[in-house]
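J.: sequence first, predicted model second:
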Amino acid sequence: MSTVSVVTLAKGRPAHLRNVLLGLERQTQAPAEFIVAVMQDAPYDLPAVGFPVRQILVPGRELPLAAARNRGVAAASGDAVAFLDVDCIPAPDLVADYAQGLSERNGLLMGEVLHLPEHATTSAWDYAGLEAVSERHSDRRGPPVSGIEICNDYRCFWSLNFAIRRTTFLATGGFDERYTGYGGEDTDFGKLLDRRGIPIAWMKGARAYHQYHPHHMPPVHHLESVVRNAELFEAKWGYRTMGHWLYAFKVMGLIDDTPETPIRILRRPDAADLALTRQQSHQPYTNAASVIRAIEAREDADAAARADAPAPVTA
C-alpha cells in the first residue's frame with residue numbers, strides 16, 4: 001500500500017481547512033493528493049503546496065455528507081483513501097501510518113483523535129503546542145496500546161478520521177446518499193461493512209487534532225435531519241440508530257419516539273435548549289451524556305420538590 005489520497009468534506013470554516021492543508025504539508029509521507037469535497041457554492045482560496053489539490057463541488061440543499069464522501073473516493077487516485085473532517089489537523093505520520101496499516105489489513109481503520117481548546121490554532125501553531133493542550137474525548141474509545149485492534153461493534157465507527165483501501169470502498173457501493181443533513185450516514189456505512197464482513201478497527205497512530213468550533217451536543221440544531229435519518233435507518237435495517245441523541249431529545253421534550261410509530265417532533269429547540277447543549281469556550285469537546293445527566297438531575301430535583309410540597313388546603 002504505497003499511496004494515500006486524503007479527502008476532506010468542507011462547508012465554511014476556511015481557517016480550519018487551511019490548517020488541514022498545512023498539516024498535510026508537514027507529513028513524513030506526502031499524500032498522493034488532497035481532494036476537497038466542497039459543500040458550498042464556491043471553491044476555497046487555498047495556497048499552492050507540493051502535492052495536487054483538487055476541489056469538487058458537491059451541491060445539496062442540506063449537508064450532502066454521504067454524497068460528498070462518495071465523490072471524493074470516485075475522484076481519488078491513491079491505493080487508499082483517508083478521510084479527515086475539515087476541522088481535523090493531521091499529525092505528521094498520519095498518511096504514513098494509514099499506508100502501513102492498510103498494507104497489513106484490509107478493512108476500515110480509525111486513527112486517534114485528540115480535541116483542542118479554543119484559540120489553540122488561532123495563531124501560528126506547532127505539533128508540540130497542540131499535543132500539550134489536547135484532550136481525549138471521555139465518551140470515545142481510545143486507541144490500542146500498539147498496532148491494530150478489531151472493533152466488534154459497528155456503532156463505534158467514527159467518520160472524523162478514518163481510512164480504507166479504495167477498491168474495498170468501491171466494492172461496498174459507498175455511503176447511502178439518501179442520508180442528507182446531519183447524522184446516521186456513518187453508522188449506516190458501519191452497518192454495511194459489518195454485514196459484508198469487512199473489519200472495522202482502531203489503530204495506534206494516524207492521529208488527528210480536532211480544532212475547536214462552537215457546537216451543540218446532542219445536536220438540537222440538527223433535530224429535523226437526525227429524526228429523518230433515524231427513521232431512514234429503521235426502514236432499512238429494522239431499528240433506529242442514534243438512540244442516545246433520540247433519548248436526549250425525548251427527555252428534553254423535543255420528540256415523541258414511541259416504538260413502532262413515526263417519531264413526532266413536538267417542538268423546535270428554544271433558547272434554553274440551545275444554551276443547555278451549547279459547547280462552552282473552555283470545553284475542547286461536548287458530549288450528550290453530560291447533558292442527559294443534567295436534565296435527569298433537574299427532573300429528580302423537581303420531583304423531590306413536588307413530593308415535599310405541602311398538600312393543598314381544601315375547605
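T.: Here it is on my side, so go on.
J.: and the closest residue to residue 39 other than its chain neighbours, how far is that from residue 248?
T.: Leaving out its chain neighbours, the residue that sits closest to residue 39 by CB to CB, 6 or more residues apart in numbering is residue 11, at 4.1 Å. C-beta: built from backbone N, CA, C; applies to glycine. Separation of residue 11 from residue 248 (CB to CB, to the nearest Å): 25 Å.
J.: who has more neighbours, those two?
T.: Taking other CB atoms under 10 Å, residue 11 and residue 248 do not tie; residue 248 has more neighbours (23 against 17).
J.: so which strand or helix has that one?
T.: Residue 248 belongs to helix 243-251 when assigned by DSSP states H and E.
J.: got it, and residue 191?
T.: Residue 191 is located in helix 185-196, with elements delineated by DSSP H and E.
J.: identify each buried residue in the helix holding residue 248, please.
T.: 245, 246, 248, 249, 250, 251 (16 or more other CB atoms under 10 Å).
J.: quick one, helices of the stretch 151-300 of the chain?
T.: 166-172, 185-196, 223-237, 243-251, 271-277, 288-308 (DSSP state H, counting those that start in this stretch).
J.: put together JSON lines for the ones you listed, with mean pLDDT on each row.
T.: Converted to JSON lines, the helices of the stretch 151-300 of the chain look like this (pLDDT from 0 to 100):
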{"stretch": "helix 166-172", "mean pLDDT": "97"}
{"stretch": "helix 185-196", "mean pLDDT": "96"}
{"stretch": "helix 223-237", "mean pLDDT": "96"}
{"stretch": "helix 243-251", "mean pLDDT": "92"}
{"stretch": "helix 271-277", "mean pLDDT": "88"}
{"stretch": "helix 288-308", "mean pLDDT": "72"}
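J.: can I get those helices in a markdown table including distance to residue 83?
T.: Shown next, in a markdown table, are the helices of the stretch 151-300 of the chain (distance: least, CB to CB, whole Å):
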| stretch | distance to residue 83 |
| --- | --- |
| helix 166-172 | 10 |
| helix 185-196 | 10 |
| helix 223-237 | 19 |
| helix 243-251 | 22 |
| helix 271-277 | 26 |
| helix 288-308 | 23 |
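J.: for residue 242, see how far away residue 231 is.
T.: 10 Å.
J.: neighbour count for those two, which is higher?
T.: residue 242 (22 against 16).
J.: wait, that one touches residue 187, no?
T.: Yes: with contacts counted by CB atoms under 8 Å, residue 242 reaches residue 187, the gap being 7.1 Å.
J.: overlap in contacts of those two?
T.: residue 233 (CB atoms under 8 Å, 6 or more residues apart in numbering).
J.: related to what we said a few turns ago, what residues sit buried inside the helix holding residue 191?
T.: 185, 186, 187, 188, 189, 190, 191, 192, 193, 194.
J.: now for the lowest-mean-pLDDT helix or strand in the chain, which elements pack on it?
T.: Taking mean pLDDT, DSSP states H and E as the measure, the helix or strand of the chain with the lowest value is helix 288-308, at a mean of 72. Using 3 or more CB pairs under 8 Å, 6 or more residues apart in numbering; DSSP states H and E, the elements in contact with helix 288-308 are helix 243-251, helix 271-277.
J.: apply 7 Å and report the result again.
T.: Helix 288-308 is packed against helix 243-251, with contacts defined by 3 or more CB pairs under 7 Å, 6 or more residues apart in numbering; DSSP states H and E.
J.: save the buried residues of helix 243-251 as CSV, and put in distance to residue 269 too.
T.: Converted to CSV, these look like this (distance: CB to CB, whole Å):
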residue, distance to residue 269
245, 13
246, 14
248, 11
249, 9
250, 13
251, 13
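J.: who does residue 113 form a beta bridge with?
T.: Assessed by DSSP bridges, residue 113 has beta-bridge partners residue 208.
J.: isn't it right up against residue 160?
T.: Yes: assessed by CB atoms under 7 Å, residue 113 is found in contact with residue 160 at 5.6 Å.
J.: can you show me the CA trace of the least confident helix or strand of the chain as PDB?
T.: Only the C-alpha atoms of helix 288-308 are listed here, as PDB (Å, rounded to 0.1, in the frame of the first residue of the first chain):
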ATOM      1  CA  ALA A 288     -24.600  14.200  25.100                       C
ATOM      2  CA  ALA A 289     -24.200  12.100  28.200                       C
ATOM      3  CA  SER A 290     -23.400  15.200  30.400                       C
ATOM      4  CA  VAL A 291     -26.500  17.000  29.100                       C
ATOM      5  CA  ILE A 292     -28.700  13.900  29.800                       C
ATOM      6  CA  ARG A 293     -27.300  13.700  33.300                       C
ATOM      7  CA  ALA A 294     -28.000  17.400  33.900                       C
ATOM      8  CA  ILE A 295     -31.600  17.000  32.600                       C
ATOM      9  CA  GLU A 296     -32.200  13.900  34.700                       C
ATOM     10  CA  ALA A 297     -30.800  15.600  37.800                       C
ATOM     11  CA  ARG A 298     -33.100  18.600  37.200                       C
ATOM     12  CA  GLU A 299     -36.100  16.300  36.800                       C
ATOM     13  CA  ASP A 300     -35.200  14.400  40.000                       C
ATOM     14  CA  ALA A 301     -34.900  17.700  41.900                       C
ATOM     15  CA  ASP A 302     -38.300  18.900  40.600                       C
ATOM     16  CA  ALA A 303     -39.900  15.600  41.500                       C
ATOM     17  CA  ALA A 304     -38.400  15.800  45.000                       C
ATOM     18  CA  ALA A 305     -39.600  19.400  45.400                       C
ATOM     19  CA  ARG A 306     -43.100  18.300  44.400                       C
ATOM     20  CA  ALA A 307     -43.100  15.500  46.900                       C
ATOM     21  CA  ASP A 308     -42.000  17.700  49.700                       C
END
